[in-house]
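Q: Need a 3D model of the sequence below.
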Amino acid sequence: MNKILVVDDQRNMRTTLALILRGAGYEVAEAESATDACDRGAENYDVVITDLRMGATDGLDVLRCVKQSSPQSEVIVMTAYGTIESAVEAMRMGAFDYIQKPFHEHELLVRVGKAIEKRSLSQDVAHFASEFKDRYQLEHIVGRSPAIRDLLARTVRIAPTDAIVLITGESGTGKELVAKAIHANSKRSNRPFVPVNCAAITETLLESELFGHARGAFTGAAVARKGLFEEADGGTFFFDEIAETPLTFQAKLLRAIQEREIRRVGENKAVNVDVRIIAATNQDLRTAVAEKRFRQDLYYRLNVARILLPPLRERREDIPVLLSYFLDKYNRKMSAKARFHENVFETLTAYDFPGNVRELEHMVEQAVALVNNGLITADELLPAPSAITEELHPGSPRPPRQLASVVDQAERSAIEQSLEECDGNRERAAELLGISPTTLWRKMTRMKITFDGKP
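A: As a prediction, the model looks like this:
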C-alpha cells in the first residue's frame with residue numbers, strides 16, 4: 001500500500017484530504033507544519049501533499065526537507081488563488097506537480113496516481129542502476145596477468161573522466177564488458193548505457209536507428225521516433241564494431257560527436273545530446289584509414305583514450321583463473337556441483353582459444369550443463385579435441401568428433417544455406433533461421449563465414 005503524507009495547518013482540509021485518499025486505497029498520515037512533516041521522515045512516504053501557505057512555515061520548507069532526505073519521494077503542492085508564482089518556484093525546486101484550490105476529488109487522485117507512478121519508475125531505475133553496477137564492477141574483469149593488471153589500472157584512471165574511449169582487441173576478448181565497467185564506475189553510472197552493434201544494422205537503417213526520424217521521413221515511418229543517441233542522453237553510448245560503419249555515415253557521426261547534437265532523418269532542427277562515447281573494434285583502424293575504409297578525422301576523434309585487450313593466448317596464466325570463475329558462475333546458475341579433472345588446467349592452458357574468453361566461457365557453460373558424473377575432463381570441454389592434439393603432436397591420430405563440433409557443422413550448413421536463399425541479406429537470413437541479426441553476425445564471425453555465405 002502506497003503511503004502519503006498530507007501537510008496543512010488547517011485541520012478540516014487535512015481530514016478531508018485524508019478521507020479521500022484512504023477511500024482510494026492509500027495509507028495516509030497527517031502533519032500540521034513543515035517541522036512536524038520533517039520530524040516524521042520523508043523517506044517513509046511515497047508522496048507528500050503540502051499546502052504552500054502555513055503561517056510560520058510554508059510548503060517550500062517541506063519540499064526542501066523531502067528532497068534532502070528522500071529525493072525519490074514526490075511532492076505535490078496545493079496553492080490558493082494568487083500564489084501560482086510560488087507554485088512555479090516549487091516546480092523549479094523539484095516538486096512533481098501543483099494543484100490549485102478549490103479542486104475536485106478526481107483531479108487530486110489523478111495527480112497523486114501519476115506521482116505514485118513516477119515514484120515507482122524512479123525506484124526501478126535506481127534498482128537497475130544498482131544491479132548494473134554490481135554486475136559490471138571492475139572485479140568482474142578476471143585475471144592476474146600483468147596485461148590484466150595494466151588494463152584495470154588504465155580503466156580506473158579513465159572511468160571517472162568524460163574522455164572518449166577506443167577499445168581494440170580480437171573478438172571475444174571482452175570489449176563490451178570493459179565498456180560497461182567504465183560506465184558503471186563513471187559519474188554517468190545512473191544514466192543509460194546504450195550499446196549498438198554497427199555490423200548488425202544495415203546501412204539504410206543505421207542513421208534512423210541512431211539519430212531517429214521524423215514522421216513520413218521515408219516509407220514506413222508512420223510516426224516520429226527518437227534515435228538511440230537521444231535514448232542515451234546523459235549516459236554512455238557504446239559503438240561495437242565501429243569499423244563496420246559506412247563512410248557516408250562516418251561524416252555524420254563525426255559531427256554528432258564534435259557538436260554534441262544530432263538531426264533526425266527528415267528534420268532540419270538540431271537536437272542537443274550529452275553522451276559519452278565508447279567505441280570498440282576488432283580491426284586495425286590505422287590500416288582501415290590507409291585503405292580508405294575509415295575516416296582519418298573520425299579515427300583521431302575516437303582515439304583519445306585507448307584500451308587494448310590482449311587475446312587469451314597472450315595471457316595464458318589467466319586461463320586457470322577464468323576456468324574456475326566460470327565453473328563457479330555456472331554451478332550457481334544451474335544449481336550444479338561440477339568440478340574439473342586434474343588434466344583440465346594443463347591441457348587448456350596449452351590451447352590457443354581462437355574465440356578468446358567468450359569461447360572459454362561457452363565451453364564451461366556447455367560442460368556444466370551436459371556433464372553426467374560431475375567430473376569435467378579436458379575432452380569434454382574442448383569443442384574439437386583434435387585442434388589441440390594436432391597442435392601439440394602433429395601427425396598424431398585425431399579422436400572422434402565431439403558433440404560441439406557436430407553442432408557447429410550443422411549450424412554452418414544452415415547459415416550458408418539461408419544466406420544463399422536470401423542472396424546474402426543477413427536480416428532476412430536471420431529471420432529465416434529464427435535468430436536475431438546480431439546472433440547471426442556473431443556466429444558468422446566465429447565460423448569465418450563471409451556475407452555471401454561461403455567460408
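Q: Could you find the closest non-adjacent residue to residue 112?
A: residue 47 (6.0 Å; C-beta to C-beta, 6 or more residues apart in numbering). For every residue, glycine as well, the C-beta is placed using N, CA and C.
Q: Pull the number of nearby residues for that neighbour.
A: Using other C-beta atoms under 10 Å, residue 47 has 27 other residues around it.
Q: from memory it sits against residue 77, does it?
A: No: between residue 47 and residue 77 there is no contact under C-beta atoms under 8 Å: 11.6 Å.
Q: check which helix or strand covers residue 239.
A: Per DSSP states H and E, residue 239 falls inside strand 236-240.
Q: quick revisit: quick one, phi/psi of the residue nearest to residue 112?
A: Torsion angles at residue 47 (phi, psi; degrees, to the nearest 10) stand at phi -130, psi 140.
Q: With residue 14 as the reference, measure out to it.
A: Going from residue 47 to residue 14 by C-beta to C-beta, to the nearest Å gives 15 Å.
Q: Can you give me every residue that contacts the residue most central in space within the chain?
A: Taking C-alpha atoms, centre = their mean, the centroid of the chain lies closest to residue 193, which sits 4.1 Å from it. Going by C-beta atoms under 8 Å, 6 or more residues apart in numbering, residue 193 touches 132, 179, 180, 183, 184, 232, 235, 236, 238.
Q: mind checking pLDDT for it?
A: Here, the pLDDT recorded for residue 193 equals 93.
Q: For it, give its distance to residue 153.
A: 22 Å.
Q: swap in residue 72?
A: 35 Å.
Q: out of these two, which sits in the more crowded spot?
A: Higher neighbour count among residue 72 and residue 153: residue 72, with 17 against 10, using other C-beta under 10 Å.
Q: so that one makes contact with residue 119?
A: Yes: between residue 72 and residue 119 there is a contact under C-beta under 8 Å: 6.2 Å.
Q: rewinding a little: the residue nearest to the centre of the chain pairs with what?
A: Beta-bridge pairing for residue 193 (DSSP bridges): residue 236.
Q: likewise residue 280?
A: In beta-bridge terms (that is, DSSP bridges), residue 280 pairs with residue 167.
Q: Was I right to think it contacts residue 168?
A: Yes: taking C-beta under 8 Å as the definition, residue 280 is a contact partner of residue 168 at 7.2 Å.
Q: which residues are common contacts for those two?
A: In contact with both residue 280 and residue 168: residue 175, using C-beta under 8 Å, 6+ apart.
Q: Quick one: the strands in the stretch 151-300 of the chain, in order.
A: 165-169, 193-197, 212-213, 225-226, 236-240, 261-263, 270-272, 276-281 (DSSP state E, counting those that start in this stretch).
Q: And these: which comes nearest residue 61?
A: strand 270-272 (34.7 Å; C-beta to C-beta).
Q: how much distance is there from the closest one to the middle of the chain?
A: 23 Å (C-alpha atoms, centre = their mean, to the nearest Å).
Q: what is the mean pLDDT for it?
A: Across strand 270-272, pLDDT averages out at 85.
Q: Need the residues that contact it.
A: 230, 259, 260, 261, 262, 263, 264.
Q: Flag every buried residue along that strand.
A: Going by neighbour count (16 or more other C-beta atoms under 10 Å), the buried part of strand 270-272 is residue 271.
Q: What pairs with it, parallel or antiparallel?
A: Short version: by DSSP bridges, strand 270-272 pairs with strand 261-263 (antiparallel).
Q: what separates the strand it pairs with from the chain centre, distance-wise?
A: Distance, centroid of strand 261-263 to centroid of chain: 22 Å (C-alpha atoms, centre = their mean).
Q: which residues touch that strand?
A: Applying C-beta under 8 Å, 6+ apart, the external contacts of strand 261-263 come out as 210, 211, 212, 227, 229, 230, 256, 269, 270, 271, 272, 273.
Q: farthest-separated two in those?
A: 210 and 269 (16.7 Å).
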